[in-house]
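**Student:** based on what follows, work out the 3D shape:
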Amino acid sequence: MKLLTYETDKGPRCGVLQNDHVLDVSDLLGKGGHLLRDVRALLEEDNSPVDRVRDALAKNPSEPGTPLADIRLRSPIIQPPTVRDFIVYEEHASNQGTREPNEVWYRMPVFYFSNPLCIYGPDSQIPFPSASTQFDYELEIGCVIGKEGSNVAAADAIDYIAGFTLFNDWSARDLQVDEMAFGLGPAKGKDTASSIGPWLVTTDEMAPYLKDGRLQLKCEVRVNGDLWLKDGAAEDAYFTFADMVERASKDSRIVPGDVIGSGTVGGGSIREAIRKGYEKARFLEPGDVIEHDVEVIGVLRGTIGPKPKLDPAYRFQVKNPAPLPEAGISKGYKYRRK
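**Tutor:** Numbers count the residues shown, from 1 in each chain. Have a look, this model is predicted:
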């Protein structure tokens, strides 16, 4: 089942996709005047809300809806309570074998908190950070928490995951590298935008693609129609989503609507595309159209907006941007799990 959030003339609504048509979940559940504005609002309902939507669909298989082609999708979770972004792909953590990840990376799934106030949905215009000249994408898979918990064991974690979606952690690499020289972050380098979508594919529908806790899915990235990643492997994750849920909830809380990002699938950023030898790979420019395509889940598309002029009086400009990697040096990179 695919749960989504879409725009109406009365504001955003939670919907469900059936036969290329979108059904309003509030109507489907007979909510009357209590309208569910997004998938988070549904997940916050009592009494197994996802199961109730599934049951309602089974009872009303011919329920009319609005054609998907006529719908403007929003992020399924308009404003998550929290966004935790992990880094569980060795290819990304090792810069495709050009550096050795810290031993901590092999011991525990590491994450940072991203900005839940700057969330964009499918086909959105993505703001270009004025202080950056090295704007990048990150192809990630995200899961969304479906019920509250604390100190969740990995063995029980799947029961807390409502479903899976795509997550794009837009990154200003020059800001990121400059500020992280201090040993803290990322922070401002990833503060401008994150994209989520196109919808939430419920965990039961994804179950056939989970093996040893890892999604067996192929991933692609296209920029202006050109392939910048082919055959990215979601299954190469070093840690599982269950590991991430356990780590996130330890001595803390997870709640419905929380988003957990996997970190960049191997090859799923521009620096990695350059190292892999994709000839057209470069940092993003205004007007670029980026598509992240993961089988079973779908396509998450965004267009880079115009670059604002940086105020010359701005005091915190980048002094030490990282140089571009050498093209093609990681064509032969092989995933290696310790």
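**Student:** state the mean pLDDT of the biggest helix by length in the chain.
**Tutor:** Longest helix in the chain, counting residues (DSSP state H): helix 49-59. Across helix 49-59, pLDDT averages out at 95.
**Student:** check which helices and strands that helix sits against.
**Tutor:** In terms of contacts (3 or more Cβ pairs under 8 Å, 6 or more residues apart in numbering; DSSP states H and E), helix 49-59 is packed against strand 11-18, helix 25-28, helix 39-43. No exception for glycine: its C-beta is placed from N, CA and C like everyone else's.
**Student:** can you tell me which of those is packed in deepest?
**Tutor:** Among the helices and strands packed on helix 49-59, helix 39-43 has the highest mean neighbour count (mean count of other Cβ atoms under 10 Å), at a mean of 27.
**Student:** how about residues contacting it?
**Tutor:** With Cβ atoms under 8 Å, 6 or more residues apart in numbering as the test, helix 39-43 has contacts from 3-5, 14, 25, 36, 49-50, 53, 76-81, 144-147, 162, 200, 256-257.
**Student:** before we move on, back to that, list the contacts of the longest helix of the chain.
**Tutor:** Helix 49-59 is contacted from outside by 1, 3, 16, 18, 23, 25, 28-29, 42-43, 45, 63, 146, 162-163, 202, using Cβ under 8 Å, 6+ apart.
**Student:** farthest-apart pair in those residues, please.
**Tutor:** 63 and 146 (23.4 Å; Cβ to Cβ).
**Student:** between these two, who's got more neighbours?
**Tutor:** residue 146 (26 against 16; other Cβ atoms under 10 Å).
**Student:** how near is the more buried one to residue 161?
**Tutor:** 6 Å (Cβ to Cβ, to the nearest Å).
**Student:** and for those two, which residues touch both?
**Tutor:** residue 203.
**Student:** residue 278 is in contact with residue 227, correct?
**Tutor:** Yes: counting by Cβ atoms under 8 Å, residue 227 touches residue 278, with 7.4 Å between them.
**Student:** buried stuff in stretch 58-71?
**Tutor:** Buried positions in stretch 58-71, judged by neighbour count with 16 or more other Cβ atoms under 10 Å: 63, 65, 68, 71.
**Student:** possible to save the helices and strands packed on helix 49-59 as TSV with distance to residue 191 and mean pLDDT?
**Tutor:** Formatted as TSV, the helices and strands packed on helix 49-59 follow (distance: least, Cβ to Cβ, whole Å; pLDDT from 0 to 100):
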stretch	distance to residue 191	mean pLDDT
strand 11-18	24	97
helix 25-28	32	95
helix 39-43	21	98
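**Student:** just put these in JSON lines and tack on distance to residue 326.
**Tutor:** Shown next, in JSON lines, are these (distance: least, Cβ to Cβ, whole Å):
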{"stretch": "strand 11-18", "distance to residue 326": "44"}
{"stretch": "helix 25-28", "distance to residue 326": "50"}
{"stretch": "helix 39-43", "distance to residue 326": "43"}
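**Student:** which of the ones you listed sits closest to residue 238?
**Tutor:** Smallest distance to residue 238 across the helices and strands packed on helix 49-59 (Cβ to Cβ): 28.0 Å, for helix 39-43.
**Student:** out of residue 227 and residue 278, which sits in the busier spot?
**Tutor:** residue 278 (21 against 15).
**Student:** residue contacts, the nearest residue to that one once chain neighbours are set aside?
**Tutor:** Sequence neighbours aside, residue 228 is the residue nearest to residue 278 in space, at 5.0 Å (criterion: Cβ to Cβ, 6 or more residues apart in numbering). Contacts for residue 228 were tallied using Cβ under 8 Å, 6+ apart; they are 221, 222, 270, 273, 278, 280, 281.
**Student:** please apply the same query to residue 292.
**Tutor:** Residue 292 sits next to 137, 139, 166, 168, 219, 220, 221, 268, 299, 300, 301 when contact means Cβ under 8 Å, 6+ apart.
**Student:** by contact count, what packs against the strand or helix carrying the last one?
**Tutor:** Assigned by DSSP states H and E, residue 301 belongs to strand 298-304. Using 3+ Cβ pairs under 8 Å, 6+ apart as the contact criterion, the secondary-structure elements in contact with strand 298-304 are strand 124-126, strand 161-169, strand 194-202, strand 289-294.
**Student:** ranges for the strands of the stretch 51-200 of the chain?
**Tutor:** Counting by DSSP state E, counting those that start in this stretch, the stretch 51-200 of the chain has strands at residues 66-67, 73-74, 83-86, 111-113, 119-120, 124-126, 135-136, 139-145, 161-169, 171-172, 194-202.
**Student:** which other helices and strands does the fifth one contact?
**Tutor:** Counting by 3+ Cβ pairs under 8 Å, 6+ apart, the packing neighbours recorded for strand 119-120 are strand 194-202.
**Student:** and the strand it packs on, C-alpha only, in PDB?
**Tutor:** Provided in PDB are the C-alpha atoms of strand 194-202 (Å, rounded to 0.1, in the frame of the first residue of the first chain):
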ATOM      1  CA  SER A 194      15.700  17.600   2.300                       C
ATOM      2  CA  SER A 195      13.300  15.900  -0.100                       C
ATOM      3  CA  ILE A 196      11.000  13.000   0.800                       C
ATOM      4  CA  GLY A 197       8.700  11.000  -1.400                       C
ATOM      5  CA  PRO A 198       7.100  10.200  -3.700                       C
ATOM      6  CA  TRP A 199       5.000   8.300  -1.100                       C
ATOM      7  CA  LEU A 200       5.400   5.900   1.800                       C
ATOM      8  CA  VAL A 201       5.300   2.200   0.800                       C
ATOM      9  CA  THR A 202       4.100   0.300   3.800                       C
END
